[in-house]
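Student: Could you work out the structure for the sequence below:
(2 chains)
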2 protein chains.
Amino acid sequence: MSADIVPLPRRSEPPPSLDPILALTASGMNAVNAVILERMQSEIPLIPALAGHLISGGGKRLRPMLTLAGAALAGYQGTRQHKLAAAVEFIHTATLLHDDVVDGSDLRRGKAAANIIFGNPATVLVGDFLFSRAFEVMVEDGSLKVLKILSAASAVIAEGEVDQLTAQRKIETSEARYLQIIRAKTAALFAASTRVAAVVAECEEDQESALDEYGRNLGVAFQLVDDALDYDADAAAMGKARGDDFREGKMTLPVILAYARGTEDERDFWKAAIGGHRTTDADLAEAIRLIAKYDAVAATRERARHFAQRAIDAISIFPDGKPRAAMAEAARFAVARGY
Amino acid sequence: MSADIVPLPRRSEPPPSLDPILALTASGMNAVNAVILERMQSEIPLIPALAGHLISGGGKRLRPMLTLAGAALAGYQGTRQHKLAAAVEFIHTATLLHDDVVDGSDLRRGKAAANIIFGNPATVLVGDFLFSRAFEVMVEDGSLKVLKILSAASAVIAEGEVDQLTAQRKIETSEARYLQIIRAKTAALFAASTRVAAVVAECEEDQESALDEYGRNLGVAFQLVDDALDYDADAAAMGKARGDDFREGKMTLPVILAYARGTEDERDFWKAAIGGHRTTDADLAEAIRLIAKYDAVAATRERARHFAQRAIDAISIFPDGKPRAAMAEAARFAVARGY
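Tutor: Numbers count the residues shown, from 1 in each chain, chains lettered A, B, ... in the order given. Down below sits the predicted model:
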């Protein structure tokens, strides 16, 4: 079926969009957003103020949407997915808040990052609050299986983030190591967000695995493109502060590929840059030039296409219909976004 | 029964000690320590290195000991308390790691704090890992009631920490507000650590409440004395970097009482000091002098005695015996330690 193939994006075609999954999950997301707003409250006013800065800050809420879409794909008719999707978003928000502290970010989604406005201490602690609240909400749902999936995913995320720190400023980081890091720090929560949908729908094991695989591969594709956009000359308008990864010496696939494909002189540049000795705007311009020279953004997107295709194929065991089509389109969007 | 009264400490008597609770829980703590060591492992070497720095760093492991003592008090014969006590200690360790980042601490238990050795980013993330791991261990235990108690406590701890941030450098903070903060940031986990013992022992509601009350009041007493020691001229040898609270502008009871009991000139000093404008060693010496002048350390300890007495009375519904005597002695120790 041609609709289930992920083409490399061509500028002459209408780009894939999130519209189908947005339409599929619109009413469910109203319920999720109500849970999010209700459960981020606290008698300590700084907590909803800080949490709300990020939660109301224009995120796509992709992960809770995936939980709802997964539940629809599995034919689930109840409402348990609403709380669980909110819990997933709380875990995601907690990791973003801690990431902003860890990275010393100035911007998040084109706005001042929470740590800049509220300071590192409050940002760390409100992250902890949201994380705890996520577990409270899951406990209310009452499924030990869901709790197991999401507590394990949370530990894996933290491991991935620490692993990323360990690889920071290390030019010798391999593509395999990089994939291991993004599987943990990003894909684990995507996988959990779709897997819990299978659990509430009481799917058979093969369908639960399929939803896990869909989320996991989509998460890898998503992170690959995120990392490509940080070096994409066309992506300046995306709201993501371009060049952050470069200045922080994060080893992402565009750098890994440009380094591998480069000349000895170019490799010397990368060693100095990732080592933290060449991080000016002129150095960033040189990095973007080298990455363009070796088509490393396009190659990263091509890798993303591979994982998106695996995501789409994983859910082919489910009946054809709107949920599957919307989830396939979301995977194509993950590859083409910002293009 | 005279043994169940908390006297104000007198220097002529042998001080209360943790020896009875250490003896009561010694073999159980071996099992708990084995769980802690096993479950803090990760394929990412930085995680056990950083976690181990704090976990092996000479903490008393009071909270897991209280879980074991509570289980013994309730006559529980099984082994579920070992994993849960480890989970409690992981939550506690996670909050300490995040506290060190939040406070910018240099020292913890007389050693360099984790953030000084490993940096803030890794310290935040390993805290997240331990917190997630705590929930994984609880999920393995499989009691939704336990999960509810500890997830709620975790959210309350984070709220208390944020509330403390909000009160920082605010001289107008009242004793009531201060008690509210320490009930949340400290006593909630003590209460949860003893309450879960009642849950595994399948206690009746009154005994579960009694164990909760014991832990909660003990936690308040413990924090009061902790805060008193920061201004106690005799306590310099305790390993806690003295004057931390003062320099950070934390409003603790010794300051609240010295300010309330002080002259107008003295209050001007406190306003400047807590406001962050007088934080030299000479200013700290003046603060300690004023706190001594108004017996504010002794008064804080007297408040602690009140809560310790309530802790002891709460468990008087349990049969007399070694567990109750050891837990009463632990409450007396909380009041007298560092004296």
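Student: From chain B, how far off is residue A:204?
Tutor: Here the criterion is C-beta to the nearest C-beta, to the nearest Å. By it, residue A:204 lies 23 Å from chain B. For every residue, glycine as well, the C-beta is placed using N, CA and C.
Student: what about that residue, how many neighbours?
Tutor: 11 (other C-beta atoms under 10 Å in any protein chain shown).
Student: Pretty sure residue A:279 sits in a helix.
Tutor: No: under DSSP: H, G, I helix; E, B strand; the rest coil, residue A:279 sits outside any helix and is assigned coil.
Student: Can you tell me, leaving aside adjacent residues, what's nearest to it?
Tutor: Sequence neighbours aside, residue A:247 is the residue nearest to residue A:279 in space, at 4.9 Å (criterion: C-beta to C-beta, 6 or more residues apart in numbering or on different chains).
Student: Next: residue A:42.
Tutor: Leaving aside its chain neighbours, residue A:42 sits nearest to residue B:159 (5.5 Å; criterion: C-beta to C-beta, 6+ apart).
Student: for that neighbour, what are its contacts?
Tutor: Neighbour list for residue B:159: A:42-44, A:47, A:129, B:184 [criterion: C-beta atoms under 8 Å, 6 or more residues apart in numbering or on different chains].
Student: which one of these sits closest to residue A:293?
Tutor: Nearest to residue A:293 among these: residue A:129, at 46.1 Å, using C-beta to C-beta.
Student: picking up where we left off before, for PyMOL, write the selection for the buried entries among the contacts of residue B:159.
Tutor: Under the burial definition 16 or more other C-beta atoms under 10 Å in any protein chain shown, those of those that qualify are selected in PyMOL by:
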select buried, (chain A and resi 42+44+47+129) or (chain B and resi 184)
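Student: quick one: contacts for the residue of the stretch 201-339 of chain A found nearest chain B?
Tutor: Going by C-beta to the nearest C-beta, chain B is nearest to residue A:248 of the stretch 201-339 of chain A, at 10.2 Å. Shown in contact with residue A:248 (C-beta under 8 Å, 6+ apart): A:103, A:168.
Student: pretty sure residue A:127 is in contact with residue A:97, am I right?
Tutor: Yes: Residue A:127 lies in contact with residue A:97 (C-beta atoms under 8 Å); the separation is 3.8 Å.
Student: picking up where we left off before, how many neighbouring residues does the residue nearest to residue A:279 have?
Tutor: If you count neighbours by other C-beta under 10 Å, residue A:247 ends up with 17.
Student: Name the secondary structure element that contains it.
Tutor: helix A:244-248 (DSSP states H and E).
Student: Now do that helix: distance to the chain's middle.
Tutor: Remark: helix A:244-248 is offset 18 Å from the chain centroid, using C-alpha atoms, centre = their mean, to the nearest Å.
Student: following it, which helix or strand shows up next?
Tutor: That would be, after helix A:244-248 and using DSSP H and E, helix A:253-261.
Student: Residues contacting that following helix, please?
Tutor: Helix A:253-261 has contacts (C-beta under 8 Å, 6+ apart) with A:171, A:173-175, A:178, A:224, A:227-228, A:230-231, A:245-246, A:266-267, A:270, A:274, A:287, A:290-291, A:293-294, A:296-297, A:299-300, A:303.
Student: Which ones among those map onto helices?
Tutor: A:175, A:178, A:224, A:227-228, A:245-246, A:266-267, A:270, A:274, A:287, A:290-291, A:293, A:296-297, A:299-300, A:303 (DSSP state H).
Student: ends of stretch A:178-188, how far apart?
Tutor: 14 Å (C-alpha to C-alpha, to the nearest Å).
Student: meant to ask about stretch A:180-199, not that
Tutor: Start-to-end, stretch A:180-199 (C-alpha to C-alpha) is 26 Å.
Student: Give the rounded mean pLDDT of that stretch.
Tutor: Averaging pLDDT along stretch A:180-199 gives 98.
Student: and what of stretch A:242-256?
Tutor: What stretch A:242-256 shows for mean pLDDT is 92.
Student: Is stretch A:167-178 in proximity to chain B?
Tutor: No: using C-beta under 8 Å from any C-beta of the partner chain, stretch A:167-178 stays clear of chain B, coming no nearer than 8.9 Å.
Student: any idea how far that stretch is from the chain center?
Tutor: With C-alpha atoms, centre = their mean, you get 19 Å for stretch A:167-178.
Student: and what of stretch A:304-312?
Tutor: Its chain's C-alpha centre and that of stretch A:304-312 lie 15 Å apart, by C-alpha atoms, centre = their mean.
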